[in-house]
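Engineer: sequence and predicted model, in that order:
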There are 2 protein chains.
Amino acid sequence: MKLLEEKILSEGVVEGDDILKVDSFINHQVDPALMEGFGREIANHFKDGHITKVATIESSGIAPALMTARFLNVPMLIMKKQPSRILNKNLYQTEVSSYTTEKGYELCVSRDYLSEDDHVLIVDDFLANGEAAAGAMRLIRLSHATVAGLGVLIEKSFQPGREKLESLGLDVYALARIKSLEGGKVTFLEEG
Amino acid sequence: MKLLEEKILSEGVVEGDDILKVDSFINHQVDPALMEGFGREIANHFKDGHITKVATIESSGIAPALMTARFLNVPMLIMKKQPSRILNKNLYQTEVSSYTTEKGYELCVSRDYLSEDDHVLIVDDFLANGEAAAGAMRLIRLSHATVAGLGVLIEKSFQPGREKLESLGLDVYALARIKSLEGGKVTFLEEG
């Protein structure tokens, strides 16, 4: 998506060779009109997927997931992070290791809001190593629902997330695919 | 707002005499169309307030804040919670005591996204004791911006949040005002 690529080039901040900060329009300050455009684009890509729910992981996935769910006209489900495992029979729970914080967490979702009839689209802001999305997939599969795909705003294509998730059978769609951040310079993958 | 009151009566779950859970349409599963309606209503109430930014506290305020910001056509700012104080010169920081978790946290926002020219509307899901909103007010005032008001979905009017915030000069608007949850029964304040 050209608009997102341009925004990343003008406002993204590269730290080291693998961190991209987009705090001015996605992660800290959010541009709602832009986010609406992102949601429309992801919804459009998955419009024939018979999606019944959009799931995301708190908290930076909430904005794009909400807009995607609005366009698909389905509920949005916020998977919650807990610092440690608290057994709860009403929840589906799974352990996720986190690349950015180097601390793991427990991802969970209520059994009330996922059923075997659901086709669930996962939406998040970033795809890097794919740990969070893989955790979301495990939760959805615990409920015997169908994982319909993953839509993300920004994919760091030099990290193994997409490859790992595709090997698990996931349809991955990213609005911007970053080939490299080396030397502080953002390079995108060529389309097609 | 009649629609929200009806939704609370049909899907809200009362625990004890003071907890209301609205996990099926606000806090865990989110109804995007309903949230859009909430955002439109809050935006309409504050439409003459010269709002330049909508601020919220992660994570359950993000959905209503995003929709409100969309209708006001201004950026949305996510104030972040940190478990403990980490000094950072680029942040405005304040301590918040939390009623629901009984644990305090550090609320912070980047200095890059608030300036003295801003008129900031705070949006959150619940107003109870007002600790989070008071913390948001302190951050906004640290930046010398103007606090333009507080819009919440649900106010627990039997708790002291509104009174406290109004005494600090805040214009508080709630879509649903709950007079009592005693005996597991939701009673609303009469309008007007």
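Structural biologist: Perfect, I can see it now. Residues are numbered from 1 along each chain as shown, chains lettered A, B, ... in the order given.

Engineer: enumerate the residues of chain A near chain B.
Structural biologist: Along chain A, the residues adjacent to chain B under the rule CB under 8 Å from any CB of the partner chain are A:23-24, A:27-33, A:35-36, A:58-59, A:62-63, A:66-67, A:69-70, A:73-78, A:80, A:109-110, A:112-113. Quick note: C-beta positions are derived from backbone N, CA and C, even for glycine.

Engineer: buried subset of these?
Structural biologist: A:23-24, A:27-32, A:35-36, A:58-59, A:62-63, A:66-67, A:69-70, A:74-78, A:80, A:109-110, A:113 (16 or more other CB atoms under 10 Å in any protein chain shown).

Engineer: now residue A:21: closest residue in space, sequence neighbours ignored.
Structural biologist: residue A:13 (4.3 Å; CB to CB, 6 or more residues apart in numbering or on different chains).

Engineer: any idea how far residue A:27 is from the one you found?
Structural biologist: As defined by CB to CB, to the nearest Å, residue A:13 lies at a distance of 11 Å from residue A:27.

Engineer: which neighbours do those two have in common?
Structural biologist: Here residue A:13 and residue A:27 share the contacting residues residue A:21, scored by CB atoms under 8 Å, 6 or more residues apart in numbering or on different chains.

Engineer: can you name the residue of chain A nearest chain B?
Structural biologist: residue A:59 (3.5 Å; CB to the nearest CB).

Engineer: spatially nearest residue to that residue, not counting backbone neighbours?
Structural biologist: residue B:59 (3.5 Å).

Engineer: three-state assignment of the one you found?
Structural biologist: Taken by DSSP: H, G, I helix; E, B strand; the rest coil, the conformation at residue B:59 corresponds to coil.

Engineer: for it, give me the pLDDT.
Structural biologist: Per-residue pLDDT puts residue B:59 at 93.

Engineer: so it touches residue A:81, yeah?
Structural biologist: No - counting by CB atoms under 8 Å, residue B:59 stays clear of residue A:81, with 9.2 Å between them.

Engineer: just checking, next helix/strand downstream of the longest strand along chain A?
Structural biologist: Ordering each strand of chain A by length in residues (DSSP state E) puts strand A:146-156 first. Counting by DSSP states H and E, the element after strand A:146-156 in chain order, helix or strand, is helix A:161-167.

Engineer: buried residues in that following helix?
Structural biologist: In helix A:161-167, counting by 16+ other CB under 10 Å, buried: A:161, A:162, A:164, A:165.

Engineer: among these, which pair sits farthest apart?
Structural biologist: A:162 and A:164 (7.3 Å; CB to CB).

Engineer: what touches both of those two?
Structural biologist: Shared contacts of residue A:162 and residue A:164 (CB under 8 Å, 6+ apart): residue A:130.

Engineer: one step back: in helices, which of the buried ones among the residues of chain A next to chain B appear?
Structural biologist: Per DSSP state H, helices hold the following members of these: A:32, A:35, A:36, A:62, A:63, A:66, A:67, A:69, A:70.

Engineer: not counting sequence-adjacent ones, nearest residue to the third one?
Structural biologist: Pointing back at residue A:36 there. Per CB to CB, 6+ apart, closest to residue A:36 is residue A:67, 5.1 Å.

Engineer: now the residue nearest the centre of chain A, nearest residue through space, not along the chain?
Structural biologist: The centroid of chain A falls nearest to residue A:124 when counting by CA atoms, centre = their mean (1.9 Å). The spatially closest residue to residue A:124, leaving aside those adjacent along the chain, is residue A:61, at 4.1 Å (CB to CB, 6+ apart).

Engineer: tell me what angle the helix or strand residue A:41 falls within forms with strand A:146-156.
Structural biologist: Of the helices and strands defined by DSSP H and E, residue A:41 is found in helix A:32-45. Put simply, helix A:32-45 runs at 130 degrees to strand A:146-156, going by axes from the mean of the first three to the mean of the last three CA atoms, to 10 degrees.

Engineer: what residues of helix A:32-45 count as buried?
Structural biologist: Buried positions in helix A:32-45, judged by neighbour count with 16+ other CB under 10 Å: A:32, A:34, A:35, A:36, A:37, A:38, A:39, A:41, A:42, A:43, A:45.

Engineer: the residue nearest to residue A:36 and residue A:47: what is the separation?
Structural biologist: Where residue A:47 is concerned, residue A:67 sits at a distance of 14 Å (CB to CB).

Engineer: then residue A:29?
Structural biologist: 29 Å.

Engineer: likewise for residue A:117?
Structural biologist: Using CB to CB, one gets 19 Å for the distance from residue A:117 to residue A:47.

Engineer: looks like residue A:11 contacts residue A:26 (just checking).
Structural biologist: No - look at residue A:11 against residue A:26 with CB under 8 Å: they stay out of range, at 9.4 Å.

Engineer: so which of the two has more stuff around it?
Structural biologist: More neighbours surround residue A:26 than the other of residue A:11 and residue A:26, with 26 against 15 (other CB atoms under 10 Å in any protein chain shown).

Engineer: low-confidence ranges in chain A?
Structural biologist: Applying pLDDT under 70 to chain A flags residues A:99-102, A:191-192.

Engineer: phi, psi of residue A:47?
Structural biologist: phi -70, psi -20 (degrees, to the nearest 10).

Engineer: now it: closest residue in space that isn't a chain neighbour?
Structural biologist: Per CB to CB, 6+ apart, closest to residue A:47 is residue A:72, 7.3 Å.

Engineer: give the contact list for that neighbour.
Structural biologist: Counted by CB under 8 Å, 6+ apart, residue A:72 has contacts A:43, A:46, A:47, A:51, A:54, A:121.

Engineer: repeat that for 10 Å
Structural biologist: Residues near residue A:72 by CB atoms under 10 Å, 6 or more residues apart in numbering or on different chains: A:39, A:42-44, A:46-47, A:49, A:51-54, A:121, A:123, B:32.

Engineer: ditto for residue A:175
Structural biologist: A:1-5, A:8, A:37-38, A:41-42, A:45, A:64, A:151-155.

Engineer: now, of the residues you listed, which are buried?
Structural biologist: Among those, the ones that count as buried by 16+ other CB under 10 Å are A:1, A:4-5, A:8, A:37-38, A:41-42, A:45, A:64, A:151-155.
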